[in-house]
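Peer 1: what follows is a predicted structure for the sequence shown.
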Number of protein chains: 2
Amino acid sequence: MHSAGLDHTLLALADPTRRAIIARLEAGEARVTDIAEPFSISLNSVSKHIKLLERADLVRRRKVGREHFLSFNAAPLDEAARWIEEKRAFWTSRLDALEQALLEDDAKRKRKRK
Amino acid sequence: MHSAGLDHTLLALADPTRRAIIARLEAGEARVTDIAEPFSISLNSVSKHIKLLERADLVRRRKVGREHFLSFNAAPLDEAARWIEEKRAFWTSRLDALEQALLEDDAKRKRKRK
DNA sequence: CTGATATTCACCCATAAGGATGAATATAGG
DNA sequence: CCTATATTCATCCTTATGGGTGAATATCAG
């Protein structure tokens, strides 16, 4: 299976703290300390969340001296979006088919009634 | 935070076995045994995977006698797709801005050269 | 060199995931 | 009633999350 990347991406997104970190990075690069500031958890815990995000390649790290600047990388979202949209498309077509069936049924009833 | 649903949805999707189960359900309703058949893991393990999918409301159960018919419910995908697409959109606009900057830079260089 | 700052590393803890096995429950079919 | 089938429940094991604390490392500022 070619799904390890997708596994890591979806798992990384399946946590509110990590989604908040990503949202924070939309405002631009940030250091670990900056990212940790709004959260009530320890700096260490945030560091671990960042590690999971890096494993999924959703976050990139640029070291300058003792500071680590993190940035968001949206590329892995493509595969995730593709998978989800494929399932949604399938379901939409299903619903369309159901609607079609209902319309045909309706038409049949009308024909009978006349 | 209103994210428990999203947490469950993304976590449920972050496993190849569960994604395969969903793919299987595209072919229509299936019993637990039917779903477990292609996998090399125990029936019990599959039962647990289904439970996670049900927690995320991605799978619905219809009991008929001793048989449980599972079906796919795409509704939770909407919220997941919305979140991901929002981040992708942000990033796309970013890339557009970068491209714009590069084009302007290019134009400037051309002007200088003439 | 010394002290402060930025991060991680090494552990510890609790809980959950993912797997297995064996027993329990419910129902279908003689 | 009896047996086979469909599924779950109760455990157990291993590994991974998500959190914490304290020490180690690296770098900046005097």
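Peer 2: Great, that's in hand.
Peer 1: helix or strand: which one has A:Leu70?
Peer 2: Secondary structure from DSSP states H and E places A:Leu70 in strand A:67-72.
Peer 1: A:Ala81 and B:Thr9, how far apart?
Peer 2: According to CB to CB, to the nearest Å, A:Ala81 and B:Thr9 sit 14 Å apart. For every residue, glycine as well, the C-beta is placed using N, CA and C.
Peer 1: who's more crowded, those two?
Peer 2: Shown here are A:Ala81 and B:Thr9; by other CB atoms under 10 Å in any protein chain shown, B:Thr9 has more neighbours (28 against 18).
Peer 1: tell me which other helices or strands the helix or strand encompassing the more buried one touches.
Peer 2: Per DSSP H and E: B:Thr9 is located in helix B:4-13. Counting contacts by 3 or more CB pairs under 8 Å, 6 or more residues apart in numbering or on different chains; DSSP states H and E, helix B:4-13 packs against helix A:4-13, helix A:16-25, helix B:16-25, helix B:43-55, helix B:75-113.
Peer 1: what's the pLDDT at the residue positioned nearest the centre of chain A?
Peer 2: Residue closest to the average C-alpha location in chain A (CA atoms, centre = their mean): A:Leu13, at 5.3 Å. On the pLDDT scale, A:Leu13 is placed at 98.
Peer 1: wait, what's in contact with it?
Peer 2: Neighbouring residues of A:Leu13 by CB atoms under 8 Å, 6 or more residues apart in numbering or on different chains: A:Arg19, A:Ile22, A:Ala56, A:Leu58, A:Ala80, B:Leu10, B:Trp83, B:Ile84.
Peer 1: can you pick out the most distant pair from those?
Peer 2: Using CB to CB, those span at most 14.8 Å, a distance reached by A:Ala56 and B:Trp83.
Peer 1: the two - which one has more neighbours?
Peer 2: Higher neighbour count among A:Ala56 and B:Trp83: A:Ala56, with 22 against 19, using other CB under 10 Å.
Peer 1: that one contacts A:Ala12, doesn't it?
Peer 2: Yes - the pair A:Ala56 / A:Ala12 is scored as a contact, 3.9 Å apart, by CB atoms under 8 Å.
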